[in-house]
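Novice: With the sequence up front, the predicted model follows.
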Amino acid sequence: MSPNRGSSAGGTLVTFTGTHLTGTTAVMFGARPASDITQISSTEVTAVSPAGAGEVWVTVTTGGGTSNGALFRYFGPPFVCSLSAASGPLGGGGVITVYGTELASATSVQFGDRSVVPTVITDRQIGVPVPAGAVAGMVAVSVTTAGGTSNTVTYAYVGTPTVNSLTPALGSPSGGTAFTLTGTNLTGAQVTFNGVAATGVTVNAAGTSLTGTAPAGTGRATVVVTTTGGTVTVPSGFTYTLQRAYVTNTGTNNVSVIDTATNTVLTSVTVGSNPYGVTVNPAGSRVYVTNQGSNSVSIIDTATNTVTGSISVGTSPRWVAFTPDGARGYVANSGSGTVSVIDPATNTVTGTITVGTTPRRVTITPDGARGYVTNSASGTVSVIDTTTNTVTGTITVGTTPYGVAFTSDGTHAYVANQGSNNVSVIDTATNTVTFALTVGTGPLALATV
């Protein structure tokens with residue numbers, strides 16, 4: 001008799017093989033007759049089981065009598081309560097446990113449109129290998145047994161996480177550095193630094209950005225992001241470094257590195273001739289020093305405090321400024337009346353922009369869309385579009401303009417005019433001076449909060 005089990009609702013087609021089966025008149029499942037008896041041959045008969053429960057003896061009756069009995073087991077419809085894991089990687093893999101009732105005769109488990117064969121553990125548990133999914137998202141899971149097909153529960157396929165950026169890439173050895181990580185499929189992420197978990201990890205609703213706090217550590221740390229969809233290592237990692245200040249010394253052609261925790265000089269780094277301006281890139285991994293005497297920019301690695309490169313720029317460079325994403329740097333060359341555009345990824349000059357006479361300082365707007373260059377000999381400010389790297393406007397300010405600072409929302413710029421002892425207030429929407437404020441003698445730099 002095959003199969004020897006079936007649904008309690010009946011309807012299972014059962015094949016009987018034996019001898020002297022010609023002229024079969026009845027097939028009985030316990031006290032209930034089967035239907036649709038079909039004579040295949042003298043040794044084979046088929047019939048459809050009636051509804052029933054538990055275990056019953058099945059017999060075949062012909063004109064020659066009634067056969068010996070074979071045991072048939074009825075199964076109730078399966079019911080799925082839960083899964084040991086409700087989500088997993090899109091590529092599948094691994095085994096989960098399905099919990100429920102009437103699972104002992106399970107023959108297949110469906111994940112959406114994909115079917116796998118389970119391993120029966122008990123009547124209430126089966127082990128199921130998870131197949132690969134077609135796309136990330138929810139699928140219905142059901143179990144098919146001799147008793148029928150169960151209700152459905154949901155299983156979520158999660159895409160493999162990716163990482164685009166980690167900011168900042170530097171932090172204190174004592175921990176506590178707040179960081180932001182961007183990428184995709186970050187929902188439910190855990191982040192570790194050299195195997196130590198970050199704290200306070202919060203992921204946005206889209207799963208494209210998370211924030212957290214780095215643990216304590218030393219040296220370069222491997223940063224790993226783990227979700228149910230998989231694991232990814234942040235390419236650039238994270239460097240634990242002392243908090244430092246960098247000071248250009250024009251007379252000795254070097255940069256002093258100060259430990260701000262102890263207020264001691266850690267080391268001096270030799271750079272080019274007559275160093276002037278010093279700027280740290282947004283990631284905190286590099287320091288850029290303008291060398292007026294050698295017409296170059298020295299690049300210092302903040303992890304090792306060594307010069308790792310030099311970029312030739314215009315004449316007498318004074319200052320470097322970066323867009324907020326760190327993708328472009330702008331160098332004001334006071335001797336050549338230009339601004340050099342540098343690519344920090346390759347440390348090369350990708351463009352040269354002509355501005356006014358004797359540009360001293362370049363400052364980028366908070367949104368990174370424009371750069372404002374003070375031309376001290378022209379008494380003007382050149383406005384650079386950082387997308388096209390072209391001058392889109394020139395603003396007349398006071399005499400010998402030098403420093404520029406923006407309000408936090410970028411709506412106004414303040415220019416310190418050294419020669420006229422005042423500060424010009426610029427409306428950045430119209431690039432016009434709306435006010436001039438008299439201050440002390442020889443103003444050079446300013447800052448806003």
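Specialist: Happy to help now that I have it.

Novice: going forward, measure contacts and count neighbours with C-alpha atoms only.
Specialist: OK.

Novice: Pick out the residue closest to the middle of this structure.
Specialist: Centre of the chain computed as the mean C-alpha position; nearest residue by CA atoms, centre = their mean is G183, 2.5 Å away.

Novice: wait, isn't that one in contact with P161?
Specialist: Yes. When contacts are counted by CA atoms under 8 Å, G183 is listed as touching P161 (7.3 Å).

Novice: which residues in the stretch 301-449 of the chain form strands?
Specialist: Listed in chain order, the strands found in the stretch 301-449 of the chain under DSSP state E, counting those that start in this stretch are 306-312, 317-322, 329-333, 338-343, 348-354, 359-364, 370-375, 380-385, 390-396, 401-406, 412-417, 422-427, 432-438.

Novice: How many residues are close by the residue nearest to Q39 when sequence neighbours are not counted?
Specialist: Closest residue in space to Q39, ignoring its immediate chain neighbours: V45 at 4.8 Å, by CA to CA, 6 or more residues apart in numbering. Residues contacting V45 under the criterion other CA atoms under 10 Å number 22.

Novice: ok, V45 - contacts?
Specialist: Contacts here follow CA atoms under 8 Å, 6 or more residues apart in numbering; on that basis V45 touches 15-17, 21, 24, 37-39.

Novice: Then Y74?
Specialist: Applying CA under 8 Å, 6+ apart, the residues contacting Y74 are 5-8, 52-56, 147.

Novice: Tell me, how many residues neighbour P173?
Specialist: Counted with other CA under 10 Å, the neighbours of P173 add up to 18.

Novice: give the contact list for it.
Specialist: Contacts were defined as CA under 8 Å, 6+ apart; by that measure P173 touches 216-218, 240-242.

Novice: The same query, at a cut-off of 10 Å, please.
Specialist: Residues in contact with P173, defined by CA atoms under 10 Å, 6 or more residues apart in numbering, are 214-219, 239-243.

Novice: Drop anything exposed from the residues you listed.
Specialist: 214-218, 239-243 (16 or more other CA atoms under 10 Å).

Novice: ok, of the residues you listed, which one's closest to S420?
Specialist: Using CA to CA, Q243 is the member of the buried ones among the contacts of P173 that sits closest to S420, with 37.9 Å.

Novice: so how far is G64 from the residue nearest to L181 when sequence neighbours are not counted?
Specialist: In space, L181 comes closest to L166 once its chain neighbours are excluded; the distance is 4.5 Å by CA to CA, 6+ apart. Using CA to CA, to the nearest Å, L166 is found at 85 Å from G64.

Novice: ditto for D123
Specialist: Using CA to CA, one obtains 40 Å as the distance from D123 to G64.

Novice: same check, this time on S174
Specialist: Computed with CA to CA, the distance linking S174 and G64 is 93 Å.

Novice: The two: which has the busier surroundings?
Specialist: For S174 and G64, the more surrounded residue by other CA under 10 Å is S174, and the numbers stand at 14 against 11.

Novice: nearest to T411, of the contacts of P173?
Specialist: Q243 (31.7 Å).

Novice: The closest one against T177, yeah?
Specialist: No. Checked against CA atoms under 10 Å, the pair Q243 and T177 is beyond contact range at 11.3 Å.

Novice: okay, the contacts of P173 in TSV with distance to V117 and secondary structure next?
Specialist: Listed next are those as TSV, based on distance: CA to CA, whole Å; DSSP: H, G, I helix; E, B strand; the rest coil:
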residue	distance to V117	secondary structure
A214	44	coil
P215	44	coil
A216	47	coil
G217	47	coil
T218	49	coil
G219	49	strand
T239	48	strand
Y240	49	strand
T241	53	coil
L242	56	coil
Q243	58	coil
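
Novice: Now do stretch 208-217, average pLDDT.
Specialist: Per-residue pLDDT over stretch 208-217 has a mean of 95.

Novice: Just the C-alpha atoms of it, please, in PDB.
Specialist: Listed in PDB are the C-alpha atoms of stretch 208-217, where the atom choice follows Å, rounded to 0.1, in the frame of the first residue of the first chain:
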ATOM      1  CA  THR A 208      21.000  53.800   4.400                       C
ATOM      2  CA  SER A 209      22.700  55.500   7.400                       C
ATOM      3  CA  LEU A 210      23.500  54.700  11.000                       C
ATOM      4  CA  THR A 211      25.100  56.500  13.900                       C
ATOM      5  CA  GLY A 212      26.900  55.200  16.900                       C
ATOM      6  CA  THR A 213      29.800  55.700  19.400                       C
ATOM      7  CA  ALA A 214      33.200  54.000  18.900                       C
ATOM      8  CA  PRO A 215      34.600  51.900  21.800                       C
ATOM      9  CA  ALA A 216      38.100  52.500  23.200                       C
ATOM     10  CA  GLY A 217      41.000  51.100  21.200                       C
END
